[in-house]
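Predicted model follows, preceded by the sequence.
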Amino acid sequence: MPQKILKSAHYIELGSYQYWPVLVPRGIRLYTYEQIPVFLKENPYITDGYRAHLPSSLCIRSLFILSNETVNIWSHLLGFLLFFLLGVYDMSAVLPAAGASREDYVIYSIGLFCFQVCMLCSVGYHLFCCHRSEKTSRRWMALDYAGISIGILGCYVPGVFYAFYCNDYWRQVYLVTVLAMILAVFFAQIHPHYLSQEWHRLRSIMFCSVAGYGVIPAAHWVWLNGGFSAVIVQVFVPRVLVMYLIAAAAFLFYITKVPERYFPDAVVQQRPGAKISDTRKTTETRICELRHQVKRIRNMDKS
């Protein structure tokens, strides 16, 4: 092995794990839970594999090492690339084939943009949370929460727009209500105690309330279309239920800290189930909205 490669081979201490010979950038090491700063101590069940005390340049270079944030970072980064490719395909093939209008392109672009912002904000937080400055780390955490709010908005706008396409009044009511709720969450994020551990439960309640509100327009849409016996309801309600089930599963992974709660010495990546479920949920949302849109356009053509 060349001398330069030998010099760059470092051993990373992973708590109860043995020393791993890994090729990593100079200046990067992994820490145990007991060794990291207090502001990084969010999950005591993840005992090692922490990055800490890094400047911005090394935070970026740590993208390519194995840590307890590897799955968090790459699941969202690949999710962003997935939505980008799906967006290119839909814009260039699916929507033109369905005879979509300019309005359709705008609404679909809003939803897609919100999903991508959500993914990138999470990538940024999980990449830079190990910054040596607590203030910088907290700013990225706040940006991550803001990205979640934008992602929720991206689920609502196309869904409400097309569900109530023929009812301007209720479409405006639900869109304004959702926008007001998202703005309220943004204002709450300005509060100095928003990122504190004391507000952890309140943060969860706020996001669950905003996401759960979608049940109201969904139930209204079912009623307006003649109940569960209607064909269009039978087509789309199962997809909406799947989306909510995936979201609920991701939330349960997050609050119960599974599987690391039961396997603290065996889990390297942090909450992979929640992160993969998050990407899967937004993918299901995209599929549901696109099919709803194409079906509406085709029905208009038939009439």
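Alright, I've got the coordinates.

residue ranges for the helices of this structure, please.
Chain-ordered helices for the chain, with DSSP state H as the definition, fall at 3-7, 56-61, 70-89, 95-97, 102-128, 134-163, 168-190, 200-212, 215-224, 231-256, 272-302.

now the fifth one: mean pLDDT?
Here the mean pLDDT over helix 102-128 is 92, rounded to a whole number.

Could I get the buried residue list for that helix?
Applying a neighbour-count criterion of 16 or more other CB atoms under 10 Å, one finds 104, 107-108, 111-112, 114-128 buried in helix 102-128. For every residue, glycine as well, the C-beta is placed using N, CA and C.

export the helices of the chain to CSV and tack on distance to residue 47?
Converted to CSV, the helices of the chain look like this (distance: least, CB to CB, whole Å):
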stretch, distance to residue 47
helix 3-7, 30
helix 56-61, 22
helix 70-89, 16
helix 95-97, 48
helix 102-128, 18
helix 134-163, 20
helix 168-190, 30
helix 200-212, 21
helix 215-224, 38
helix 231-256, 17
helix 272-302, 16
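
Any stretches of this protein with poor pLDDT?
Filtered on pLDDT under 70, the chain yields the residue ranges 1-27, 265-303.

and residue 218, what does it touch?
Neighbouring residues of residue 218 by CB atoms under 8 Å, 6 or more residues apart in numbering: 163, 237, 240.

again, only using 10 Å
Contacts for residue 218 were tallied using CB atoms under 10 Å, 6 or more residues apart in numbering; they are 159, 160, 163, 236, 237, 240, 241, 244.

Any idea which of the helices of the chain gets closest to residue 30?
If you check each of the helices of the chain against residue 30 by CB to CB, helix 70-89 wins as the nearest, at 11.0 Å.

so what does the closest one touch, helix or strand wise?
Contacts defined by 3 or more CB pairs under 10 Å, 6 or more residues apart in numbering; DSSP states H and E place helix 70-89 against helix 102-128, helix 134-163, helix 272-302.

Tell me which residues of that helix come out buried.
70-77, 79-80, 82-83, 86-87.

Skipping its backbone neighbours, what lies nearest residue 129 in space?
Setting aside the residues directly before and after it, residue 129 is nearest to residue 137 in space (CB to CB, 6 or more residues apart in numbering), at 5.2 Å.

Quick check, that neighbour in contact with residue 39.
Yes. Assessed by CB atoms under 10 Å, residue 137 is found in contact with residue 39 at 6.2 Å.

Pull up the overlap in contacts between those two.
With contacts defined as CB under 10 Å, 6+ apart, the residues shared by residue 137 and residue 39 are 52, 129, 195.

For the residues you listed, could you give me CSV that also reports neighbour count?
Converted to CSV, these look like this (neighbours: other CB atoms under 10 Å):
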residue, neighbour count
52, 18
129, 24
195, 17
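
Residue 63: which of those is nearest?
Out of those, the member with the shortest distance to residue 63 (by CB to CB) is residue 129, at 12.7 Å.

hey, C-alpha coordinates of stretch 231-241 in CSV?
Taking C-alpha atoms only, stretch 231-241 is exported to CSV below (Å, rounded to 0.1, in the frame of the first residue of the first chain):
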residue,chain,number,x,y,z
VAL,A,231,-65.5,4.5,-7.6
ILE,A,232,-63.1,7.5,-7.2
VAL,A,233,-63.3,7.2,-3.4
GLN,A,234,-62.5,3.5,-3.6
VAL,A,235,-59.5,4.3,-5.8
PHE,A,236,-57.9,7.1,-3.7
VAL,A,237,-58.9,6.6,-0.1
PRO,A,238,-56.7,3.5,0.3
ARG,A,239,-53.7,5.5,-1.0
VAL,A,240,-54.4,8.3,1.4
LEU,A,241,-54.6,5.7,4.2
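
buried sites along that stretch?
Buried positions in stretch 231-241, judged by neighbour count with 16+ other CB under 10 Å: 233, 236, 237, 240.

Off-centre distance for it?
Stretch 231-241 sits 24 Å away from the centroid of its parent chain (CA atoms, centre = their mean, to the nearest Å).

Next: stretch 94-106.
26 Å.

Now the terminal residues of that stretch, how far apart.
Start-to-end span of stretch 94-106 (CA to CA, to the nearest Å) is 15 Å.

residues near residue 65, how many?
Residue 65 has 19 neighbouring residues, counting by other CB atoms under 10 Å.

Check the gap between it and residue 130 for me.
11 Å (CB to CB, to the nearest Å).

Kindly report the same for residue 111.
32 Å.

swap in residue 223?
In terms of CB to CB, residue 223 sits 49 Å off from residue 130.

about what we covered before: between the helices of the chain, which one is nearest to residue 43?
Short answer: helix 231-256, nearest of the helices of the chain by CB to CB, at 10.0 Å.
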